[in-house]
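K.L.:
please find the sequence and the predicted model below.
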Amino acid sequence: MRLVRNWVVLALSTILVVSFGCKVRDYDQCVTCPTSTSATTCPSGQVGTPPNCSIPTPPPTPTCPPGQVGTPPNCTIPAPTPAQAPSLTVNIVGPETVPVGEEHRINWTSANCASVSRSGGPGTNWNGPTTHSGNDPIKVDKDTTITFTCVGLNGSVLNKSVTLKVSNSSPGPSPSPSPSPGPSPTPGPSPGPGINISVQPSTQVCTPGQSVSFTATVTGTSNTGVSWSSNSPSIAALSSTSGNTATFTCVSAGNTGVRATANVNGAAAFGTIGVNSSVTPAACTGLSFSGPPGATYSKASLGGGSTPSLAATYTVPAGCEAQFQSSNPNFVDVTPPTGGGARVYFLNPGTASVCLRGVRSGAGFQSCQSYTTAP
(Lines give C-alpha, C1' and ligand atoms only; values in the text may rest on other atoms or scores of the structure.)
Protein backbone atom coordinates (compact mmCIF):
# COMPACT_ATOMS: atom_id res chain seq x y z
CA MET A 1 0.00 0.00 0.00
CA ARG A 2 2.81 2.39 0.86
CA LEU A 3 4.43 1.58 -2.49
CA VAL A 4 1.24 2.48 -4.33
CA ARG A 5 1.03 5.78 -2.47
CA ASN A 6 4.58 6.71 -3.37
CA TRP A 7 3.94 6.04 -7.04
CA VAL A 8 0.83 8.20 -6.95
CA VAL A 9 2.78 11.07 -5.31
CA LEU A 10 5.54 10.72 -7.87
CA ALA A 11 3.03 10.83 -10.73
CA LEU A 12 1.27 13.88 -9.35
CA SER A 13 4.62 15.63 -8.83
CA THR A 14 5.54 15.01 -12.43
CA ILE A 15 2.21 16.49 -13.57
CA LEU A 16 2.77 19.57 -11.40
CA VAL A 17 6.28 20.03 -12.76
CA VAL A 18 5.08 19.84 -16.33
CA SER A 19 1.88 21.85 -15.89
CA PHE A 20 2.73 24.38 -13.24
CA GLY A 21 6.51 24.53 -13.14
CA CYS A 22 6.77 23.11 -9.61
CA LYS A 23 9.88 21.61 -8.10
CA VAL A 24 9.32 18.70 -5.71
CA ARG A 25 11.44 18.71 -2.57
CA ASP A 26 10.11 15.41 -1.29
CA TYR A 27 7.35 13.09 -2.09
CA ASP A 28 4.61 14.95 -0.28
CA GLN A 29 5.53 18.66 -0.68
CA CYS A 30 6.07 21.05 -3.64
CA VAL A 31 6.88 24.72 -3.94
CA THR A 32 5.36 26.92 -6.72
CA CYS A 33 8.05 28.73 -8.72
CA PRO A 34 7.61 32.48 -9.40
CA THR A 35 5.85 33.15 -12.65
CA SER A 36 7.80 35.53 -14.99
CA THR A 37 5.85 38.62 -16.14
CA SER A 38 6.46 41.03 -19.09
CA ALA A 39 7.19 44.83 -18.46
CA THR A 40 4.05 47.03 -18.69
CA THR A 41 5.74 50.48 -18.72
CA CYS A 42 8.54 52.04 -20.79
CA PRO A 43 11.89 52.95 -19.22
CA SER A 44 12.33 56.39 -17.73
CA GLY A 45 12.71 59.08 -20.40
CA GLN A 46 10.78 57.10 -23.04
CA VAL A 47 7.14 57.12 -24.11
CA GLY A 48 4.74 54.56 -25.58
CA THR A 49 3.72 51.04 -24.52
CA PRO A 50 6.20 48.16 -24.45
CA PRO A 51 7.53 46.89 -26.68
CA ASN A 52 6.91 50.10 -28.70
CA CYS A 53 8.96 52.56 -26.62
CA SER A 54 10.72 55.61 -28.06
CA ILE A 55 12.52 58.78 -26.99
CA PRO A 56 10.05 61.72 -27.31
CA THR A 57 10.73 64.50 -29.82
CA PRO A 58 11.54 67.78 -27.99
CA PRO A 59 8.92 70.56 -28.46
CA PRO A 60 9.74 73.23 -31.08
CA THR A 61 11.45 76.41 -29.89
CA PRO A 62 8.84 79.20 -29.76
CA THR A 63 9.33 82.08 -32.19
CA CYS A 64 7.76 85.52 -32.59
CA PRO A 65 5.18 86.21 -35.35
CA PRO A 66 6.44 87.52 -38.72
CA GLY A 67 7.46 91.15 -38.52
CA GLN A 68 8.33 90.97 -34.79
CA VAL A 69 11.59 90.33 -32.95
CA GLY A 70 12.54 88.89 -29.56
CA THR A 71 11.59 85.67 -27.78
CA PRO A 72 7.98 84.84 -26.78
CA PRO A 73 6.32 86.18 -24.79
CA ASN A 74 8.58 89.24 -25.14
CA CYS A 75 7.93 89.99 -28.82
CA THR A 76 8.10 93.54 -30.13
CA ILE A 77 7.75 95.32 -33.46
CA PRO A 78 11.17 96.61 -34.55
CA ALA A 79 11.53 100.32 -35.12
CA PRO A 80 11.95 101.30 -38.78
CA THR A 81 15.55 101.75 -39.80
CA PRO A 82 16.15 105.50 -39.91
CA ALA A 83 17.34 106.87 -43.21
CA GLN A 84 21.02 107.75 -43.27
CA ALA A 85 22.02 111.39 -43.20
CA PRO A 86 22.56 112.91 -46.67
CA SER A 87 25.90 114.06 -47.99
CA LEU A 88 26.63 116.54 -50.76
CA THR A 89 29.97 117.57 -52.28
CA VAL A 90 30.36 120.41 -54.80
CA ASN A 91 33.72 121.44 -56.31
CA ILE A 92 35.03 123.71 -59.06
CA VAL A 93 37.14 121.68 -61.49
CA GLY A 94 40.08 123.82 -62.52
CA PRO A 95 40.68 127.47 -61.62
CA GLU A 96 38.19 129.37 -59.52
CA THR A 97 38.70 132.52 -61.62
CA VAL A 98 38.62 132.49 -65.43
CA PRO A 99 38.61 135.29 -68.03
CA VAL A 100 35.26 136.64 -69.17
CA GLY A 101 33.78 134.42 -71.88
CA GLU A 102 35.45 131.22 -70.72
CA GLU A 103 33.77 128.31 -68.96
CA HIS A 104 33.99 127.00 -65.45
CA ARG A 105 33.25 123.36 -64.71
CA ILE A 106 31.42 122.16 -61.59
CA ASN A 107 31.55 118.60 -60.26
CA TRP A 108 29.06 117.38 -57.66
CA THR A 109 28.22 114.10 -55.94
CA SER A 110 25.53 113.20 -53.42
CA ALA A 111 24.36 110.28 -51.29
CA ASN A 112 21.10 109.53 -49.46
CA CYS A 113 19.32 112.40 -51.24
CA ALA A 114 15.70 112.10 -52.33
CA SER A 115 16.28 114.97 -54.75
CA VAL A 116 19.03 117.39 -55.79
CA SER A 117 18.45 120.84 -57.27
CA ARG A 118 20.59 123.86 -58.08
CA SER A 119 20.04 127.59 -58.29
CA GLY A 120 21.90 130.80 -59.07
CA GLY A 121 23.03 129.84 -62.54
CA PRO A 122 22.28 131.62 -65.82
CA GLY A 123 19.27 130.36 -67.73
CA THR A 124 16.67 127.74 -66.89
CA ASN A 125 18.98 124.87 -67.84
CA TRP A 126 21.00 125.50 -64.68
CA ASN A 127 18.12 126.15 -62.27
CA GLY A 128 15.81 123.45 -60.94
CA PRO A 129 16.00 119.70 -60.35
CA THR A 130 19.16 117.97 -61.53
CA THR A 131 20.87 114.61 -61.35
CA HIS A 132 22.35 113.23 -58.13
CA SER A 133 25.88 113.63 -59.51
CA GLY A 134 27.45 115.34 -62.49
CA ASN A 135 30.27 117.30 -64.07
CA ASP A 136 28.90 120.20 -66.14
CA PRO A 137 30.36 123.29 -67.79
CA ILE A 138 28.90 126.72 -67.00
CA LYS A 139 29.65 130.16 -68.40
CA VAL A 140 28.98 133.32 -66.37
CA ASP A 141 29.81 136.95 -67.14
CA LYS A 142 30.24 138.06 -63.53
CA ASP A 143 31.06 136.60 -60.15
CA THR A 144 28.25 134.13 -59.46
CA THR A 145 27.35 131.84 -56.54
CA ILE A 146 25.81 128.48 -57.47
CA THR A 147 23.90 126.65 -54.72
CA PHE A 148 23.08 122.93 -54.74
CA THR A 149 20.29 121.70 -52.45
CA CYS A 150 19.89 118.06 -51.36
CA VAL A 151 16.63 116.97 -49.72
CA GLY A 152 17.69 113.94 -47.68
CA LEU A 153 15.84 110.64 -47.43
CA ASN A 154 15.46 111.46 -43.72
CA GLY A 155 13.75 114.81 -44.52
CA SER A 156 16.74 117.04 -43.72
CA VAL A 157 17.97 119.69 -46.17
CA LEU A 158 21.62 120.21 -47.09
CA ASN A 159 22.98 123.16 -49.11
CA LYS A 160 26.42 123.50 -50.70
CA SER A 161 27.59 126.56 -52.66
CA VAL A 162 30.54 127.50 -54.85
CA THR A 163 31.43 130.96 -56.18
CA LEU A 164 32.57 131.33 -59.79
CA LYS A 165 34.77 134.35 -60.42
CA VAL A 166 35.61 136.08 -63.71
CA SER A 167 38.27 138.58 -64.69
CA ASN A 168 39.12 140.67 -67.78
CA SER A 169 40.98 138.51 -70.26
CA SER A 170 43.78 141.07 -70.69
CA PRO A 171 44.31 144.71 -69.85
CA GLY A 172 43.43 146.92 -72.83
CA PRO A 173 44.38 150.55 -73.38
CA SER A 174 43.61 152.89 -70.58
CA PRO A 175 40.01 153.92 -70.83
CA SER A 176 39.02 157.51 -71.31
CA PRO A 177 37.99 159.32 -68.19
CA SER A 178 34.38 158.72 -67.47
CA PRO A 179 31.92 159.99 -64.93
CA SER A 180 32.05 158.39 -61.53
CA PRO A 181 29.83 155.35 -61.44
CA GLY A 182 26.56 155.54 -59.61
CA PRO A 183 25.78 153.50 -56.53
CA SER A 184 26.25 149.75 -56.80
CA PRO A 185 23.05 147.81 -57.54
CA THR A 186 21.35 146.16 -54.62
CA PRO A 187 22.39 142.49 -54.56
CA GLY A 188 19.71 139.87 -55.02
CA PRO A 189 18.39 137.87 -52.10
CA SER A 190 20.52 135.16 -50.56
CA PRO A 191 19.58 132.57 -47.98
CA GLY A 192 19.75 133.96 -44.47
CA PRO A 193 21.62 132.13 -41.74
CA GLY A 194 19.59 129.27 -40.26
CA ILE A 195 16.73 129.68 -42.77
CA ASN A 196 15.87 126.53 -44.75
CA ILE A 197 13.16 125.60 -47.22
CA SER A 198 12.12 122.12 -48.32
CA VAL A 199 9.43 120.62 -50.53
CA GLN A 200 7.54 117.38 -49.86
CA PRO A 201 7.12 115.01 -51.56
CA SER A 202 10.14 115.25 -53.81
CA THR A 203 8.37 113.53 -56.74
CA GLN A 204 4.79 113.11 -57.94
CA VAL A 205 3.53 110.94 -60.80
CA CYS A 206 0.30 111.52 -62.74
CA THR A 207 -1.44 111.24 -66.10
CA PRO A 208 -2.95 114.13 -68.11
CA GLY A 209 -6.02 115.55 -66.37
CA GLN A 210 -4.98 114.48 -62.88
CA SER A 211 -3.79 116.86 -60.15
CA VAL A 212 -0.91 116.52 -57.69
CA SER A 213 0.13 118.62 -54.70
CA PHE A 214 3.34 119.70 -53.00
CA THR A 215 3.87 121.35 -49.60
CA ALA A 216 6.76 123.70 -48.77
CA THR A 217 8.18 124.11 -45.27
CA VAL A 218 10.26 127.15 -44.24
CA THR A 219 12.17 126.98 -40.96
CA GLY A 220 14.32 129.44 -39.05
CA THR A 221 12.01 132.44 -39.52
CA SER A 222 8.51 133.59 -38.61
CA ASN A 223 7.89 134.59 -42.24
CA THR A 224 7.12 131.14 -43.68
CA GLY A 225 5.25 132.20 -46.83
CA VAL A 226 6.31 130.92 -50.26
CA SER A 227 5.46 131.45 -53.92
CA TRP A 228 5.16 128.61 -56.44
CA SER A 229 5.95 128.14 -60.14
CA SER A 230 6.28 125.40 -62.75
CA ASN A 231 9.30 125.14 -65.02
CA SER A 232 7.10 123.79 -67.86
CA PRO A 233 3.42 124.76 -67.58
CA SER A 234 2.76 122.87 -70.81
CA ILE A 235 3.55 119.66 -68.89
CA ALA A 236 2.15 120.56 -65.44
CA ALA A 237 0.57 123.93 -64.67
CA LEU A 238 0.07 125.58 -61.28
CA SER A 239 -3.69 125.54 -60.66
CA SER A 240 -4.14 126.66 -57.04
CA THR A 241 -2.41 127.37 -53.74
CA SER A 242 -3.56 127.13 -50.14
CA GLY A 243 -1.10 128.28 -47.52
CA ASN A 244 2.18 126.65 -48.44
CA THR A 245 0.54 123.84 -50.45
CA ALA A 246 0.35 124.11 -54.24
CA THR A 247 -1.73 122.01 -56.62
CA PHE A 248 -0.58 121.40 -60.19
CA THR A 249 -2.68 120.08 -63.06
CA CYS A 250 -0.95 117.52 -65.26
CA VAL A 251 -1.27 118.54 -68.92
CA SER A 252 0.89 116.40 -71.21
CA ALA A 253 3.46 113.61 -71.01
CA GLY A 254 6.92 114.63 -69.82
CA ASN A 255 8.88 115.66 -66.72
CA THR A 256 9.05 119.11 -65.16
CA GLY A 257 10.33 120.73 -62.02
CA VAL A 258 8.24 122.84 -59.66
CA ARG A 259 9.75 125.58 -57.51
CA ALA A 260 8.87 126.96 -54.09
CA THR A 261 10.53 130.30 -53.30
CA ALA A 262 10.67 131.59 -49.72
CA ASN A 263 9.22 135.09 -49.43
CA VAL A 264 11.65 136.03 -46.67
CA ASN A 265 14.89 135.67 -48.63
CA GLY A 266 14.32 134.12 -52.06
CA ALA A 267 15.76 130.73 -51.13
CA ALA A 268 14.24 127.98 -53.27
CA ALA A 269 13.43 124.27 -53.07
CA PHE A 270 12.22 122.02 -55.85
CA GLY A 271 10.02 119.05 -56.62
CA THR A 272 9.54 116.96 -59.75
CA ILE A 273 6.38 115.94 -61.61
CA GLY A 274 6.42 113.00 -64.00
CA VAL A 275 3.43 112.99 -66.36
CA ASN A 276 2.85 109.67 -68.08
CA SER A 277 0.86 109.06 -71.23
CA SER A 278 -2.88 108.78 -70.63
CA VAL A 279 -2.68 105.26 -72.07
CA THR A 280 -1.17 103.38 -69.14
CA PRO A 281 -0.39 99.64 -68.99
CA ALA A 282 -3.15 97.79 -67.16
CA ALA A 283 -0.82 95.80 -64.87
CA CYS A 284 -1.66 97.99 -61.84
CA THR A 285 -5.36 98.72 -62.47
CA GLY A 286 -6.35 96.68 -59.39
CA LEU A 287 -3.79 98.28 -57.07
CA SER A 288 -5.31 99.33 -53.75
CA PHE A 289 -4.25 100.48 -50.28
CA SER A 290 -7.24 100.06 -47.97
CA GLY A 291 -5.97 100.04 -44.42
CA PRO A 292 -5.54 101.16 -41.84
CA PRO A 293 -8.24 103.64 -42.90
CA GLY A 294 -7.26 107.29 -43.07
CA ALA A 295 -7.98 108.89 -39.69
CA THR A 296 -6.37 110.44 -36.61
CA TYR A 297 -4.49 107.91 -34.51
CA SER A 298 -3.32 108.54 -30.96
CA LYS A 299 0.04 107.09 -30.01
CA ALA A 300 -1.38 106.34 -26.57
CA SER A 301 -4.30 104.35 -28.01
CA LEU A 302 -1.87 102.31 -30.09
CA GLY A 303 0.01 101.13 -27.04
CA GLY A 304 2.40 104.02 -26.59
CA GLY A 305 6.09 103.56 -27.11
CA SER A 306 8.29 105.40 -29.57
CA THR A 307 7.10 103.64 -32.72
CA PRO A 308 3.48 102.44 -32.50
CA SER A 309 2.25 100.96 -35.76
CA LEU A 310 -0.57 99.16 -37.56
CA ALA A 311 -0.40 96.54 -40.28
CA ALA A 312 -1.09 97.85 -43.78
CA THR A 313 -3.76 96.22 -45.92
CA TYR A 314 -3.07 96.46 -49.65
CA THR A 315 -3.38 94.64 -52.98
CA VAL A 316 -0.70 94.63 -55.69
CA PRO A 317 -1.84 92.75 -58.83
CA ALA A 318 0.46 90.19 -60.41
CA GLY A 319 2.88 91.87 -62.80
CA CYS A 320 2.56 95.26 -61.08
CA GLU A 321 5.59 96.80 -59.41
CA ALA A 322 4.57 99.16 -56.61
CA GLN A 323 6.09 101.00 -53.68
CA PHE A 324 4.92 102.98 -50.64
CA GLN A 325 5.71 106.66 -50.19
CA SER A 326 4.93 109.06 -47.33
CA SER A 327 4.56 112.79 -47.94
CA ASN A 328 6.20 113.45 -44.57
CA PRO A 329 8.00 110.47 -42.97
CA ASN A 330 8.72 112.56 -39.87
CA PHE A 331 5.02 112.27 -38.95
CA VAL A 332 3.90 108.99 -40.53
CA ASP A 333 6.14 106.43 -42.23
CA VAL A 334 5.63 103.03 -43.82
CA THR A 335 7.96 100.07 -44.15
CA PRO A 336 8.34 98.38 -47.54
CA PRO A 337 6.23 95.24 -48.16
CA THR A 338 8.88 92.65 -47.28
CA GLY A 339 8.56 89.47 -45.22
CA GLY A 340 5.47 89.83 -43.06
CA GLY A 341 4.11 92.81 -44.98
CA ALA A 342 4.16 96.59 -44.69
CA ARG A 343 3.35 98.51 -41.51
CA VAL A 344 2.30 102.13 -41.01
CA TYR A 345 4.26 103.83 -38.21
CA PHE A 346 2.87 106.83 -36.30
CA LEU A 347 5.97 108.75 -35.21
CA ASN A 348 5.37 112.42 -34.37
CA PRO A 349 2.31 114.70 -34.16
CA GLY A 350 1.39 115.85 -37.67
CA THR A 351 -0.41 114.89 -40.88
CA ALA A 352 0.93 112.99 -43.90
CA SER A 353 -0.39 111.18 -46.95
CA VAL A 354 0.78 107.62 -47.50
CA CYS A 355 0.40 106.28 -51.04
CA LEU A 356 0.95 102.93 -52.69
CA ARG A 357 2.12 103.79 -56.21
CA GLY A 358 2.75 101.79 -59.34
CA VAL A 359 6.23 102.33 -60.73
CA ARG A 360 7.78 101.78 -64.14
CA SER A 361 5.15 100.07 -66.34
CA GLY A 362 2.44 100.75 -63.73
CA ALA A 363 3.26 104.41 -63.15
CA GLY A 364 0.16 106.57 -62.86
CA PHE A 365 -1.78 104.17 -60.66
CA GLN A 366 -1.89 104.97 -56.96
CA SER A 367 -4.02 104.47 -53.86
CA CYS A 368 -3.59 106.78 -50.85
CA GLN A 369 -4.66 107.27 -47.22
CA SER A 370 -4.28 110.43 -45.13
CA TYR A 371 -3.18 109.99 -41.49
CA THR A 372 -2.76 112.31 -38.52
CA THR A 373 -0.59 111.31 -35.57
CA ALA A 374 -1.84 112.64 -32.24
CA PRO A 375 0.18 112.58 -28.97
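P.N.:
That came through fine.
K.L.:
tell me the spacing between the closest residue to residue 320 other than its chain neighbours and residue 321.
P.N.:
Setting aside the residues directly before and after it, residue 320 is nearest to residue 284 in space (C-beta to C-beta, 6 or more residues apart in numbering), at 3.9 Å. All C-beta spots, glycine's among them, are computed from the backbone N, C-alpha and C. Separation of residue 284 from residue 321 (C-beta to C-beta, to the nearest Å): 8 Å.
K.L.:
do the same with residue 272
P.N.:
Distance from residue 272 to residue 321, by C-beta to C-beta: 19 Å.
K.L.:
neighbour count: the two, which is higher?
P.N.:
Regarding residue 272 and residue 321, a neighbour count based on other C-beta atoms under 10 Å identifies residue 272 as having more, with 22 against 14.
K.L.:
which ones are touching that one?
P.N.:
115, 129, 202, 203, 204, 255, 256, 257, 258 (C-beta atoms under 8 Å, 6 or more residues apart in numbering).
K.L.:
redo the residues you listed as a markdown table? Include distance to residue 158 and secondary structure.
P.N.:
Listed next are those as a markdown table, based on distance: C-beta to C-beta, whole Å; DSSP: H, G, I helix; E, B strand; the rest coil:
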| residue | distance to residue 158 | secondary structure |
| --- | --- | --- |
| 115 | 11 | strand |
| 129 | 15 | strand |
| 202 | 13 | coil |
| 203 | 18 | strand |
| 204 | 22 | strand |
| 255 | 23 | strand |
| 256 | 24 | strand |
| 257 | 18 | strand |
| 258 | 20 | strand |
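K.L.:
which one of these is nearest residue 71?
P.N.:
The shortest approach to residue 71 among the contacts of residue 272 belongs to residue 202, at 39.8 Å (C-beta to C-beta).
K.L.:
tell me how far the closest one lies from residue 320.
P.N.:
Relative to residue 320, and taking C-beta to C-beta, residue 202 is found at 22 Å.
K.L.:
in the longest strand anywhere in the chain, which residues are buried?
P.N.:
In the chain, assigned by DSSP state E, the strand with the most residues is strand 157-167. Applying a neighbour-count criterion of 16 or more other C-beta atoms under 10 Å, one finds 157, 158, 159, 160, 162, 164, 166 buried in strand 157-167.
K.L.:
between those, which is nearest residue 97?
P.N.:
Lowest distance from residue 97 to the buried residues of strand 157-167 (C-beta to C-beta) belongs to residue 166, with 6.8 Å.
K.L.:
so which strand or helix has residue 95?
P.N.:
Counting by DSSP states H and E, there is no helix or strand that carries residue 95.
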